[in-house]
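Peer 1: pasting the sequence and the predicted model now:
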4 protein chains.
Amino acid sequence: MSTTSRLARDPEKEARILMAALTEFSEHGYRKTHVEEIADQAEVSKGLVFKYYQSKENLYLTTLKSATQKFMAIADYNIWQDSEDLVAMVVNATRYKISLQLKFPREFKLLLNAFVQGSQLPKAIGDYVNTTFISNTDLQKKMLTPVLQRSKLKPGVSIDDVYEMIRWIENGYYGRIQEYLGTHPEITSIEDMNEIIEQLTKYFEIFEHGFMASN
Amino acid sequence: MSTTSRLARDPEKEARILMAALTEFSEHGYRKTHVEEIADQAEVSKGLVFKYYQSKENLYLTTLKSATQKFMAIADYNIWQDSEDLVAMVVNATRYKISLQLKFPREFKLLLNAFVQGSQLPKAIGDYVNTTFISNTDLQKKMLTPVLQRSKLKPGVSIDDVYEMIRWIENGYYGRIQEYLGTHPEITSIEDMNEIIEQLTKYFEIFEHGFMASN
Amino acid sequence: MSTTSRLARDPEKEARILMAALTEFSEHGYRKTHVEEIADQAEVSKGLVFKYYQSKENLYLTTLKSATQKFMAIADYNIWQDSEDLVAMVVNATRYKISLQLKFPREFKLLLNAFVQGSQLPKAIGDYVNTTFISNTDLQKKMLTPVLQRSKLKPGVSIDDVYEMIRWIENGYYGRIQEYLGTHPEITSIEDMNEIIEQLTKYFEIFEHGFMASN
Amino acid sequence: MSTTSRLARDPEKEARILMAALTEFSEHGYRKTHVEEIADQAEVSKGLVFKYYQSKENLYLTTLKSATQKFMAIADYNIWQDSEDLVAMVVNATRYKISLQLKFPREFKLLLNAFVQGSQLPKAIGDYVNTTFISNTDLQKKMLTPVLQRSKLKPGVSIDDVYEMIRWIENGYYGRIQEYLGTHPEITSIEDMNEIIEQLTKYFEIFEHGFMASN
DNA sequence: AATGAATGAGGGTTCATTCAT
DNA sequence: AATGAATGAACCCTCATTCAT
């Protein structure tokens, strides 16, 4: 009688399976990933994969949750939370996001993929994705708000407006960074990205004061 | 001796198949769509689908091309090309884009999906998608440039910078519109969207002059 | 009301179909030949092929019978019937056979193929083949017999024995000729074959008197 | 840790599948044989057949190779190699061939069929057949040559001539044996064939000395 | 607990045959 | 009479899932 668990799963195998699933699902997506390949890569049998995770669908879900967890667990919002001004904050947030992507490229790709596949995935997965991937922006909003409250906004401009536009610019620039990463696969450390991330500052400055020559 | 067709396909059935394919592919994506389902929905036999389109892959490609055509054929860039100022232009462009999406929601979803699936699709399709879906941003750039050249920009701000940021804001706001459409599936006419689109004006005005109270 | 036939078949189309069937069946065999290809080649519709011949199977059978007929009709046994001696007779018979093959290569190939496919063909066809392809040897036997009766045979050697062995040698040599034809596809006239056919004489002479030095 | 197999196929099922494939392919040929039928007959699932043999084509190829092997492995050329004289040698060779056919009737039929189908088969198979089925006659030639060299031949008769004619007669007689076997399906042992095979002697004697009364 | 051989439903594709025009 | 578009049974093959060992 083991003291640990009723099911007596081997935690190492469990981890290997999840790792392999992460690799495969993030690489090939849900449909083109084969359970056998995962089992092989984890150096366990196909049977064990099913014993531990019941179905391909559930394994995917678990991998998804595990990837989410990994981000949640590690996320250290303080890093950018106590930035002095708005621009620094957003730049730090972006830097932080990129660093996570560089540290966990497969988790990142997996979640992105899941998000994007949306309804093509089995219903249960689609549901999970939809309920999970929202909270993120809320968080960011919460952190930006105090800084924005300290700022003096133009009349007729609400905090929400600014917050939203910040996100748009952030996302837009983020896309540019992705492009850069895509064409420079050799980059694995956030240091290599510092320069490009700093340039985001410029765009926020434009945003703060407008692009039109103030007459 | 007919002067018209060599392949003697029934145009109605052809249309029904393409229509069904559009519906199914846009709804379920490539892998989860079954040729039989398309045939059933088009009220023709599976065999006919293959006679007309040879393979599932080619049917998808054809559906894709047809959707692209539909957009191309209808695209009337003049509608927003001769807008007076930048804001009006971008608002008009957005309105136009939304109107297309409302007119051809499945085509829209199909192309979006194809773009997003990327490498999970059969190679031939991925190739087509990659070679086709680029030109779009170039066009928009070309149209915006003259207007921007007429504008007086802040020192240190380049036309390209502004152009890029316009796109970011446009896209960001576009995302908000999508959300709205998603939660209001009853909307089918661009008129119902006018109000929300007009609000884009506000954001561009903020962008032009900055959100910070100019001291 | 036509005076010709109840079914009012167009004899030209009928002939074209049969011709095309001959070409296709002899080239690709029964299974790999497609009715559509035959119809196209005959410049008629697939439907007409079925109206005239009911089924692919029956069309094959008809083609087979027609090929047989063609050989029968043309076969002029007199050509070699009145050869002077045995050797001349067999050589003439062989030459004649080769000339037929050169004149009707597709018919020849078709019948050979049908014979060889045997039980892989639909039952009705197999049955036909089996019942038809026997009579041939009987005929040859009838013609050789009188000549053999005039010959003085070794004691213990029956006419049937000799007749049979003649066939074996003929067939064996025939195989050699086939090989030659296979490697010289440019040959289309019997004249080009005369030399090689003449060499059969040598073998029959060996056969007549044995190969062992007579003590 | 097993030292034996990496692929862990059940040898009994493997054998049953190969056996069923042999039966079906030899009976119906390549095209008319259905994988499902083979699976049923082997009392395994369709899936297993594909796991073991990947494709119908490869299964056929394997069956072909296995049949070839079976003949090769068992072929004991000594049996007739050290026959005293030419006649004995050829008779023994024939007897041996017939005994193989009686022992492995399906293998025999399969190989014959494959040889005969030739170009109607998928290319890979045709290629295999063509490269494999040649060496046989060469072997026989090598064995006959020393015996023929010891014989005194008539002037103008070469060893090759004699060798070739021997083959013709052997083949011819072999055809007669086939006919006999075809009409006597109850025969399963070489003993039942001894008498008919012995008669080949007579024909070779005729061949040695000719059938014409020597003057 | 762990294995991986075995299963079989399901999907794409072919082609002889039918039938409305 | 003639067409050829339309049909659908039949076939090969894949892969998630099961289960005996």
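Peer 2: Thanks, I have it. Numbering: from 1, shown residues only, chains lettered A, B, ... in the order given.

Peer 1: point to the helix or strand of chain A where mean pLDDT is at its lowest.
Peer 2: For chain A, counting by mean pLDDT, DSSP states H and E, helix A:78-81 ranks last in confidence among helices and strands (a mean of 68).

Peer 1: and A:Thr177, how many neighbours does it have?
Peer 2: Just so we're on the same page, residue A:177 is Ile rather than Thr. By other Cβ atoms under 10 Å in any protein chain shown, 19 other residues sit near A:Ile177. Every residue, glycine included, has its C-beta placed from N, CA and C.

Peer 1: please disregard the earlier target; I meant A:Ala8.
Peer 2: Neighbours of A:Ala8 using other Cβ under 10 Å come to 8.

Peer 1: just A:Val49 next, same as before
Peer 2: Using other Cβ under 10 Å, A:Val49 is surrounded by 22 other residues.

Peer 1: next: A:Glu191.
Peer 2: 10.

Peer 1: quick one: contacts for it?
Peer 2: A:Glu191 sits next to no residue when contact means Cβ atoms under 8 Å, 6 or more residues apart in numbering or on different chains.

Peer 1: give me phi/psi at it?
Peer 2: Backbone torsions of A:Glu191, given as degrees, to the nearest 10, read phi -60, psi -40.

Peer 1: how near is it to A:Ile197?
Peer 2: For A:Glu191, the distance to A:Ile197 equals 10 Å [Cβ to Cβ, to the nearest Å].

Peer 1: next: A:Ala67.
Peer 2: In terms of Cβ to Cβ, A:Ala67 sits 23 Å off from A:Ile197.

Peer 1: can I get the CA coordinates of the helix or strand encompassing A:Ser26 in CSV?
Peer 2: Using DSSP states H and E, A:Ser26 sits within helix A:11-32. C-alpha atoms of helix A:11-32 as CSV (Å, rounded to 0.1, in the frame of the first residue of the first chain):
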residue,chain,number,x,y,z
PRO,A,11,5.9,10.9,-11.7
GLU,A,12,8.9,10.7,-14.0
LYS,A,13,7.0,9.0,-16.7
GLU,A,14,4.1,11.3,-16.3
ALA,A,15,6.5,14.2,-16.8
ARG,A,16,8.1,12.7,-19.8
ILE,A,17,4.7,12.1,-21.4
LEU,A,18,3.6,15.7,-20.8
MET,A,19,6.9,16.9,-22.1
ALA,A,20,6.6,14.9,-25.3
ALA,A,21,3.0,15.9,-25.7
LEU,A,22,4.1,19.5,-25.4
THR,A,23,6.7,19.1,-28.0
GLU,A,24,4.5,17.3,-30.5
PHE,A,25,1.3,19.3,-30.0
SER,A,26,3.1,22.6,-30.2
GLU,A,27,5.0,21.4,-33.3
HIS,A,28,2.2,19.7,-35.3
GLY,A,29,-1.1,20.9,-33.8
TYR,A,30,-3.8,18.7,-32.4
ARG,A,31,-4.9,16.7,-35.5
LYS,A,32,-1.5,16.0,-37.0
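
Peer 1: that helix: which residues count as buried?
Peer 2: A:13-14, A:16-26, A:29-31 (16 or more other Cβ atoms under 10 Å in any protein chain shown).

Peer 1: with stretch A:169-178 instead?
Peer 2: So, applying 16+ other Cβ under 10 Å, buried residues of stretch A:169-178: A:169-170, A:172-174, A:177.

Peer 1: wait, what's in contact with the residue nearest the centre of chain A?
Peer 2: In chain A, the C-alpha closest to the average C-alpha coordinate belongs to A:Phe108, at a distance of 5.1 Å (Cα atoms, centre = their mean). Counting by Cβ under 8 Å, 6+ apart, A:Phe108 touches A:26, A:100-101.

Peer 1: for A:Glu107, same thing?
Peer 2: For A:Glu107, the contact set (Cβ under 8 Å, 6+ apart) comprises A:22, A:26, A:67, A:70-71.

Peer 1: what's the answer for A:Arg106, then?
Peer 2: A:22-23, A:26-27, A:67.

Peer 1: what's the burial count for A:Ser151?
Peer 2: Neighbour count for A:Ser151, taken as other Cβ under 10 Å: 14.

Peer 1: distance of it relative to chain D?
Peer 2: 66 Å (Cβ to the nearest Cβ, to the nearest Å).

Peer 1: angles on the backbone of that residue, please.
Peer 2: With angles defined as degrees, to the nearest 10, A:Ser151 sits at phi -80, psi 150.

Peer 1: that one reaches A:Val87, doesn't it?
Peer 2: No. Counting by Cβ atoms under 8 Å, A:Ser151 stays clear of A:Val87, with 10.7 Å between them.

Peer 1: rewinding a little: now do the helix holding A:Ser26: which elements does it pack against?
Peer 2: The contact analysis (3 or more Cβ pairs under 8 Å, 6 or more residues apart in numbering or on different chains; DSSP states H and E) places helix A:11-32 against helix A:35-42, helix A:46-53, helix A:56-74, helix A:105-117, helix B:11-32.

Peer 1: just put the contacts of A:Arg106 in TSV and tack on distance to DNA strand E and pLDDT.
Peer 2: As requested, those are exported to TSV (distance: Cβ to the nearest atom of the strand, whole Å; pLDDT from 0 to 100):
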residue	distance to DNA strand E	pLDDT
A:Leu22	19	97
A:Thr23	18	96
A:Ser26	23	95
A:Glu27	22	92
A:Ala67	23	93
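
Peer 1: what is the nearest of those to chain B?
Peer 2: Relative to chain B, the closest of the contacts of A:Arg106 is A:Glu27; by Cβ to the nearest Cβ it sits at 9.2 Å.

Peer 1: which ones are touching the closest one?
Peer 2: The neighbourhood of A:Glu27, defined by Cβ under 8 Å, 6+ apart, consists of A:33, A:106, A:109.

Peer 1: the residue nearest to A:Ile206 when sequence neighbours are not counted in helix, strand or coil?
Peer 2: In this structure, A:Ile206 finds its nearest non-sequential neighbour in B:Val157, 5.8 Å apart by Cβ to Cβ, 6 or more residues apart in numbering or on different chains. B:Val157 carries the three-state label coil when classified by DSSP: H, G, I helix; E, B strand; the rest coil.

Peer 1: quick check: B:Val157 touching A:Phe207?
Peer 2: No. The pair B:Val157 and A:Phe207 does not pass the contact test of Cβ under 8 Å, sitting 10.9 Å apart.

Peer 1: the two: who's more crowded?
Peer 2: Each of B:Val157 and A:Phe207 has its neighbours counted (other Cβ under 10 Å); A:Phe207 has more, 25 against 19.

Peer 1: for the more buried one, give its distance to A:Tyr30.
Peer 2: Per Cβ to Cβ, A:Phe207 is found 38 Å from A:Tyr30.

Peer 1: what of A:Leu59?
Peer 2: Taking Cβ to Cβ, one finds A:Leu59 at 10 Å from A:Tyr30.

Peer 1: remind me which residues of chain A are low pLDDT?
Peer 2: A:1-7, A:77, A:79-82, A:134-137, A:214-215 (pLDDT under 70).

Peer 1: thank you kindly, that will do.
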